[in-house]
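A.B. asks: Next come a sequence and a model predicted from it.
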Amino acid sequence: MAIEPPNADATGTPASRLIDQRIRDLGGWRGKALARMRALILEADPEATEEWKWMGTPVWSHHGIVCTGESYKKVVKLTFARGARIPDPSHLFNSSLEGNMRRAIDIHEGEEVDAGAFKALVKAAVALNGAPARAGAKSTNPT
């Protein structure tokens, strides 16, 4: 049994095309909001990988999940997997504030997220993920 890579669905359709289709299907303000946030993510981190996970959720990763882009009837939600550890001086995080791991930004119709502050969050999330450990790398821990 072949396992599909996370950047494609079971039919082999690339995640970027699936996200394009999701944006078209949403249309209206939700499609525009998701398209704008996607563009900002890719501007902030041109090396980000677009993935399609959990039966239809756009995910942007770089050495781990940076954020997901979910859409609901009244909100477009960008959830940062490790957002509780990311400084948010502009207070963009406005949802999922109670936990000690994730943080989210809920965007409602008519709202526009500050582009510079959002890109700073994306860059901080990428930095927090860090580079993957190399196989066979020697530990610098003296213990």
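C.D. replies: In hand now; what should we look at?

A.B. asks: C-alpha from now on. contacts and neighbour counts both.
C.D. replies: Fine.

A.B. asks: For the protein, which segments count as helices?
C.D. replies: 15-26, 28-44, 115-129 (DSSP state H).

A.B. asks: Kindly calculate the angle that the longest one makes with helix 15-26.
C.D. replies: Think helix 28-44. On the basis of axes from the mean of the first three to the mean of the last three C-alpha atoms, to 10 degrees, helix 28-44 is oriented at 150 degrees to helix 15-26.

A.B. asks: Now residue 99: phi and psi?
C.D. replies: In terms of degrees, to the nearest 10, the main-chain angles of residue 99 are phi -80, psi 180.

A.B. asks: Below-threshold pLDDT in this structure: ranges please.
C.D. replies: Low-confidence segments of the chain (pLDDT under 70): 1-11, 131-143.

A.B. asks: Which strand in it has the most residues?
C.D. replies: The longest strand of the chain (DSSP state E) is strand 65-71.

A.B. asks: Just the C-alphas of it, formatted as CSV.
C.D. replies: Output of strand 65-71 as CSV, limited to C-alpha atoms (Å, rounded to 0.1, in the frame of the first residue of the first chain):
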residue,chain,number,x,y,z
ILE,A,65,3.8,22.8,11.3
VAL,A,66,3.8,26.6,11.2
CYS,A,67,0.0,27.1,10.9
THR,A,68,-3.2,25.7,9.6
GLY,A,69,-5.9,27.5,7.6
GLU,A,70,-9.4,26.5,8.5
SER,A,71,-12.6,28.0,7.3
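
A.B. asks: Give me the sheet partners of that strand and which way each runs.
C.D. replies: Note on strand 65-71: by DSSP bridges, its sheet partners are strand 57-61 (antiparallel), strand 76-80 (antiparallel).

A.B. asks: Okay, buried residues for that strand please.
C.D. replies: 65-71 (16 or more other C-alpha atoms under 10 Å).

A.B. asks: do stretch 16-36 as well
C.D. replies: Along stretch 16-36, the positions that meet the burial threshold by neighbour count (16+ other C-alpha under 10 Å) are 16, 18-19, 22-23, 26, 29-31, 33-35.
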